[in-house]
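Sharing a sequence plus its predicted fold:
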Amino acid sequence: MKEILAAIQSQDATSADFANIPLPDSYRAITVHKDEADMFAGVASRDKDPRKSLHLDEVALPELGPGEALVAVMASSVNYNSVWTSIFEPVSTFGFLERYGRLSELTKRHDLPYHIIGSDLAGVVLRTGPGVNAWQPGDEVVAHCLSVELESSDGHNDTMLDPEQRIWGFETNFGGLAEIALVKSNQLMPKPDHLSWEEAASPGLVNSTAYRQLVSRNGAGMKQGDNVLIWGASGGLGSYATQFALAGGANPICVVSSPEKAEICRSMGADAVIDRNAEGYKFWKNENEQDPREWKRFGSKIRELTGGEDIDIVFEHPGRETFGASVYVTRKGGTITTCASTSGYMHQYDNRYLWMSLKRIVGSHFANYREAWEANRLIAKGKIHPTLSKVYSLEDTGQAAYDVHRNLHQGKVGVLALAPQEGLGVRDTEKRAQHIDAINRFRNI
Ligand SMILES: C/C=C/C(=O)SCCNC(=O)CCNC(=O)[C@H](O)C(C)(C)COP(=O)(O)OP(=O)(O)OC[C@H]1O[C@@H](n2cnc3c(N)ncnc32)[C@H](O)[C@@H]1OP(=O)(O)O
Ligand SMILES: NC(=O)C1=CN([C@@H]2O[C@H](COP(=O)(O)OP(=O)(O)OC[C@H]3O[C@@H](n4cnc5c(N)ncnc54)[C@H](OP(=O)(O)O)[C@@H]3O)[C@@H](O)[C@H]2O)C=CC1
């Protein structure tokens with residue numbers, strides 16, 4: 001591993017040099033263990049502690065198959081899907097690995113008693129499998145997390161519709177929170193050259209998801225002037241949705257839960273910000289019943305901020321807690337686009353407000369190959385920026401996931417894998433200098 005790191009840091013190692021470095025038999029990786037899947041039985045979701053379930057293990061290097069690549073991971077990031085894996089909710093991810101393992105001889109490799117998690121990476125290609133021509137050992141890359149087989153025509157127009165669509169490092173093994181990762185080569189994209197390893201590793205999953213959900217015609221198809229209600233606007237998804245709204249000439253109405261988070265949204269350029277804590281909204285009267293008067297109070301606040309206009313697009317992900325309010329505050333003909341249900345997946349809303357006002361609910365999930373590529377291109381061009389706030393070592397991934405689970409973080413939380421320190425990997429210092437304030441906006445707050 002030392003030789004790999006030395007070659008990456010030397011910057012003059014050739015593709016042939018990388019191809020000649022012997023690969024180790026094993027490497028360090030963040031895992032959950034199959035025999036611990038019931039460890040939190042009876043514990044409330046909030047109290048399930050990722051620090052107890054996430055392990056740093058020495059794991060065997062997987063065999064490299066056709067169309068695949070082994071990547072030396074310099075940095076990764078924590079996504080909420082790793083929080084779900086670590087608390088074994090809503091289902092244990094070992095069920096996904098078992099199902100994938102039944103697909104073919106090659107996918108059997110994924111069905112192991114441990115799950116190497118993580119759905120983002122920035123690093124360097126070490127080896128490519130048969131049939132890979134576009135990428136070479138030594139290429140500096142990021143990887144998106146869409147894994148598809150593409151054997152069915154269902155996914156040929158939109159790769160997210162492939163019946164064997166999986167999220168790498170969540171529904172497959174050998175993820176990015178590790179020193180080495182196994183990906184399909186078509187997950188690879190060029191690393192934005194003005195960013196450090198940990199900055200480049202942080203947008204991938206959430207940036208691509210926000211792009212499809214908000215901008216793409218497969219999602220809400222946002223246009224100039226749209227009023228976009230963004231829940232968790234300084235969080236992982238929300239910090240990118242806010243940037244897309246601003247860059248696309250829309251009008252973000254940012255919802256956050258503290259004055260510090262409100263300030264971050266303002267510093268990104270958003271004028272309309274709602275602190276849901278300060279306003280004290282209680283959309284639910286009790287466990288079964290919502291309070292439409294609170295939806296109305298929320299809608300009145302939005303009208304106050306927009307000069308009387310209602311919401312064209314709601315960027316939804318909190319789910320049960322907010323969904324009724326989201327449907328209510330959407331204008332006639334507007335769209336509620338949802339990609340998650342952090343607070344609970346059994347939603348309740350008043351359907352009269354949906355059908356009588358011709359609103360639409362659009363389900364969205366990650367991004368297809370092309371959308372992921374376009375989202376990464378916007379990062380590379382310095383039009384959208386990483387929202388990295390804090391960086392942990394691989395050893396401290398449990399704490400990093402705990403922070404995200406308990407909503408103690410801002411933007412994105414990074415993890416160093418092979419990178420010995422922060423700030424390495426920047427290749428275009430001039431472009432970086434142009435965007436340095438935006439790149440650092442979320443740091444250390
Ligand atoms: C990029 C980052 C993303 C995120 O962070 S997203 C947040 C994290 N992700 C999650 O929380 C999602 C976790 N996943 C799940 O909870 C489950 O994964 C799903 C609920 C999504 C799916 O449940 P399941 O049981 O795995 O799949 P089924 O499709 O319901 O299949 C079960 C059986 O039911 C059959 N079935 C499916 N649809 C129908 C139908 N319409 N009519 C009759 N049967 C149906 C199937 O075939 C199969 O059957 P057979 O067990 O025999 O194979
Ligand atoms: N389907 C897909 O492709 C994807 C789905 N996801 C899912 O989306 C969800 C959010 O992910 P991500 O943005 O990375 O997570 P983060 O935790 O980084 O951000 C979510 C933000 O939502 C806000 N929030 C949390 N709970 C509530 C609530 N009950 N009511 C209102 N606001 C709330 C918080 O902001 P504040 O406290 O400031 O209001 C929080 O910062 C997760 O469930 C994740 O699994 C994520 C990426 C892709």
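Sure thing, it's come through. Here the structure is a predicted model, which means the values were calculated and not measured. Ligands and ions are numbered 1, 2, ... in the order given.

Now do the same contact list for Pro62.
Counting by CB atoms under 8 Å, 6 or more residues apart in numbering, Pro62 makes contact with Arg109, Asn173, Phe174, Leu182. Heads up, the C-betas are built off the backbone N, CA and C, glycines and all.

could I get those residues as JSON lines with distance to ligand 2?
As requested, these are arranged in JSON lines below (distance: CB to the nearest ligand atom, whole Å):
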{"residue": "Arg109", "distance to ligand 2": "25"}
{"residue": "Asn173", "distance to ligand 2": "19"}
{"residue": "Phe174", "distance to ligand 2": "20"}
{"residue": "Leu182", "distance to ligand 2": "21"}
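
is it true that Arg212 lies in a strand?
No - counting by DSSP: H, G, I helix; E, B strand; the rest coil, Arg212 is not part of a strand but helix.

ok, it touching Gly221?
No - look at Arg212 against Gly221 with CB atoms under 8 Å: they stay out of range, at 10.5 Å.

okay, the two: which has more neighbours?
Set side by side, Arg212 and Gly221 show more neighbours around Arg212, with 26 against 14, by other CB atoms under 10 Å.

Quick one: residues contacting that one.
Per CB under 8 Å, 6+ apart, neighbours of Arg212: Met160, Asn218, Gly219, Ser364, His365, Phe366, Ala367, Asn368, Glu371.

got those residues as CSV, with distance to Asp25 and pLDDT columns?
Below are the contacts of Arg212 laid out as CSV (distance: CB to CB, whole Å; pLDDT from 0 to 100):
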residue, distance to Asp25, pLDDT
Met160, 36, 98
Asn218, 42, 98
Gly219, 43, 98
Ser364, 41, 98
His365, 36, 98
Phe366, 32, 98
Ala367, 35, 98
Asn368, 36, 98
Glu371, 37, 98
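
Next, format the residues you listed as a markdown table and append neighbour count.
Putting those into a markdown table (neighbours: other CB atoms under 10 Å) gives the following:
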| residue | neighbour count |
| --- | --- |
| Met160 | 19 |
| Asn218 | 21 |
| Gly219 | 25 |
| Ser364 | 23 |
| His365 | 18 |
| Phe366 | 26 |
| Ala367 | 30 |
| Asn368 | 24 |
| Glu371 | 25 |
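
ok, which of these also contact ligand 2?
Filtering the contacts of Arg212 for neighbours of ligand 2 using CB under 6 Å from any ligand atom leaves His365, Phe366.

Narrow the contacts of Arg212 to those in helices?
Counted as lying in helices by DSSP state H, out of the contacts of Arg212, are Glu371.

Ligand 1: which of the contacts of Arg212 is nearest?
Distance to ligand 1 across the contacts of Arg212 (CB to the nearest ligand atom) is lowest for Phe366, with 4.2 Å.
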